[in-house]
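Enquirer: here is the input, now give the coordinates:
(chains A and B)
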Amino acid sequence: MPKKVSKNPKDRAFEALSAFFAAMVLTLGLLLLLVLLYESLPALRKFGAGFIVSQAWNPVEKEFGALSFIYGTVITSFLAILLAVPLSVGAAIFINDFAPQWLKKPVSLLAELLAAIPSVIYGLWGIFVLVPMLRSAFMKPMAKYFGWWIPLFKGPVYGPSVLAASVLLSIMIVPFILSVSREVLATVPVRQKEAVLAIGGTRWEMIRIVVGQHCIPGIFGATVLGLGRALGETMAVTMVIGNRPDIFYSLFHQGYSMAAVIANEFAEAADLQLSSLILIGLLLFILTFLVNLAAKWILSNLVKNTSLRN
Amino acid sequence: MNNVFEIRDLSGWFGDNQVLKNIHMDIAQYTVTSVMGPSGCGKSTFIRCLNRMHDMTPGFRTTGEILFDGVNINSEAIDPVTLRRKVGMVFQQPNPFPRMSVFENVAVGLRLNGKNWSRNGLAEVVEKSLGMAALWEEVKDKLDSPGVSLSGGQQQRLCIARALAVEPEVLLMDEPCSALDPVSTAKIEELIEVLREKYTIVVVTHNMQQAARISNNVAFFLLGELIEMDKSGKIFTNPSDKRTEEYITGRFG
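Expert: As a prediction, this is how the structure comes out:
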């Protein structure tokens, strides 16, 4: 937009005010980063880059490292994405292409309402419903029959675990991936769908082709958006992950995540432990920032592509 | 001459709004039939009934019969997927698939419905189809470039090749030239001239000169009614109905 300075004093005052608010937002973000950096300096000085690859977490010996937390965060988020993407995309396709008109609104509304539930409620539901259910119906039999030869399903089975956290996370990110996927599917021009039908494609082939032709970048962007949320989710994960800093192969093992360790230990930490927690916070900040940046970039590319192409 | 389509008392509604009114029409094999009329007269709606493209439109319904090779296409026995392989369609806007090459755009229909083709078999059909669509000479050296990199007129002939590749009996064309320049339009018209030897063609157009140039028969639609259908020469020189005459002489529409 061309910049024009208005002569009207009210206009100019309004312009200054909105510029001030815009600057505030940027300043807040910047200050947040600076405070994180400043407070994490002691830990950074002591451990340096080794902090990221160290598995130690020993407040008595004052040895700290972030690896098991980074591992837990990345594994649970990745698994959550793995579970949530097929579910969300499938539901989006159903709402967009199969659901009768009267069902479309309620289903998508309900699915999107899932996003409004506070995460501590998800956590409670996880503790009282999801974990016991997973434990008796899935984890125990899997550990019994497959655990002895597939490390992924190795016991012992406690209940709170990486698997429980991943499943809970996946439910929490479904609404985000679903609503973006639905918008992406809705951008497909009708004439492209008709093109598939007109050469004798079935409905399934129509969906397969138009999704392949038009929706892959958008669904990928939606996925990364969901990933960004999963990485930072704190409360619900803390409540069901088991809170044990460790590196492991089994899905049934208790784990820990970056956000969870900060939430659990922050109140009682001091000195180097506090600084280490803040350093973990800084790392999480950078991780989610990069993921969201990637998502934005992919989504904006999609918009460019669809406006140029058929 | 065989009738490919025999349309009996066809009416169509979008919700409560009747857009086709008691249409009777016979379409003979290896003829070009133009469906002509002012905007909103139901001509596009009409030809989209012939390959059941309306199945996807919520709230659209028809009564009456459309016999294709003697069988009512709206009966339970007819699978719309099979029907559409026999009754191909070309749309107003060229609609090649944006992430497919020229080759893939033609081959895509062959690979549908779980059919497996050898690379050579595919290449043969692709060349033949592009040849019939009068596009082979222009694209034979760029079969791997994206279909959307072609010009608008070439894209439309690509879509015709895509429709021909699955070997239909009938080709429905819904204003195939309205998005094209005069040179591309002329090419499509020449193409229709050739294709009529092997296919039965139904073209929607609101260009009267075009209808006169390409068709054996012309059907004139007005407000959802088939006003008259006759030999192209008769319609444009001596129409039976006053409304047809008014339309072709430019007094309305």
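
Enquirer: contacts, neighbours, all on C-alpha from now
Expert: Noted.

Enquirer: so B:Ile66 sits in a helix?
Expert: No: counting by DSSP: H, G, I helix; E, B strand; the rest coil, one finds B:Ile66 to be strand, located in no helix.

Enquirer: is it true that it touches B:Asn51?
Expert: No: judged on CA atoms under 8 Å, B:Ile66 makes no contact with B:Asn51 at a distance of 9.9 Å.

Enquirer: so between the two, which is more surrounded?
Expert: B:Asn51 (29 against 26; other CA atoms under 10 Å in any protein chain shown).

Enquirer: show me the contacts for the closest residue to chain B within the stretch 201-310 of chain A.
Expert: Nearest residue of the stretch 201-310 of chain A to chain B: A:Gln213, at 5.5 Å (CA to the nearest CA). Residues near A:Gln213 by CA atoms under 8 Å, 6 or more residues apart in numbering or on different chains: B:Phe97, B:Pro98, B:Arg99, B:Met100.

Enquirer: so what's the residue nearest to the last one when sequence neighbours are not counted bridging to?
Expert: Okay, so that is B:Met100. Spatial nearest neighbour of B:Met100, chain neighbours left out: B:Pro146 (5.7 Å); criterion: CA to CA, 6 or more residues apart in numbering or on different chains. Legend: beta-bridge partners of B:Pro146 under DSSP bridges are B:Ser101.

Enquirer: for B:Pro146, give me its contacts.
Expert: Applying CA under 8 Å, 6+ apart, the residues contacting B:Pro146 are B:Pro98, B:Arg99, B:Met100, B:Ser101, B:Val102.

Enquirer: hmm, 10 Å instead?
Expert: B:Pro146 makes contact with B:Pro96, B:Phe97, B:Pro98, B:Arg99, B:Met100, B:Ser101, B:Val102, B:Phe103, B:Glu104, B:Asn105, according to CA atoms under 10 Å, 6 or more residues apart in numbering or on different chains.

Enquirer: out of those, what pair is the most spread apart?
Expert: Farthest-apart pair in these is B:Pro98 and B:Phe103; separation 12.4 Å (CA to CA).

Enquirer: now do the shared contacts for those two.
Expert: Joint contacts of B:Pro98 and B:Phe103 (CA under 10 Å, 6+ apart) are B:Pro146, B:Gly147.

Enquirer: between the two, which has more neighbouring residues?
Expert: Applying other CA under 10 Å to B:Pro98 and B:Phe103 shows that B:Phe103 carries more neighbours, namely 23 against 20.

Enquirer: what about residue 156, how many neighbours?
Expert: All of this refers to chain A. Neighbours around A:Pro156, by other CA under 10 Å: 15.

Enquirer: can you look at chain B instead?
Expert: 28.

Enquirer: wait, what's in contact with it?
Expert: Residues near B:Gln156 by CA under 10 Å, 6+ apart: B:90-96, B:133, B:135, B:150, B:162, B:176-177, B:179-180, B:184-185, B:188.

Enquirer: can you give me the helices for the stretch 51-200 of chain B?
Expert: Per DSSP state H, counting those that start in this stretch, the stretch 51-200 of chain B carries helices over the ranges B:80-86, B:102-111, B:119-132, B:136-139, B:152-165, B:182-195.

Enquirer: just those helices: most buried one?
Expert: A comparison of the helices of the stretch 51-200 of chain B by mean neighbour count, using mean count of other CA atoms under 10 Å in any protein chain shown, puts helix B:152-165 on top with a mean of 27.

Enquirer: the inter-axis angle of that one versus helix B:119-132?
Expert: The directions of helix B:152-165 and helix B:119-132 differ by 130 degrees, with axes from the mean of the first three to the mean of the last three CA atoms, to 10 degrees as the criterion.

Enquirer: can you put the contacts of A:Gln213 in a markdown table and add pLDDT?
Expert: Shown next, in a markdown table, are those (pLDDT from 0 to 100):
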| residue | pLDDT |
| --- | --- |
| B:Phe97 | 93 |
| B:Pro98 | 90 |
| B:Arg99 | 87 |
| B:Met100 | 91 |
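
Enquirer: so which of those residues sit within strands?
Expert: Using DSSP state E, no member of those sits in strands.

Enquirer: drop anything exposed from those residues.
Expert: B:Phe97, B:Pro98, B:Arg99, B:Met100 (16 or more other CA atoms under 10 Å in any protein chain shown).

Enquirer: ok, these vs A:Ile262, which is closest?
Expert: When those are ranked by distance to A:Ile262 (CA to CA), B:Arg99 comes first, at 45.8 Å.

Enquirer: give me the below-cutoff pLDDT ranges for the stretch 1-150 of chain A.
Expert: A:1-6 (pLDDT under 70).
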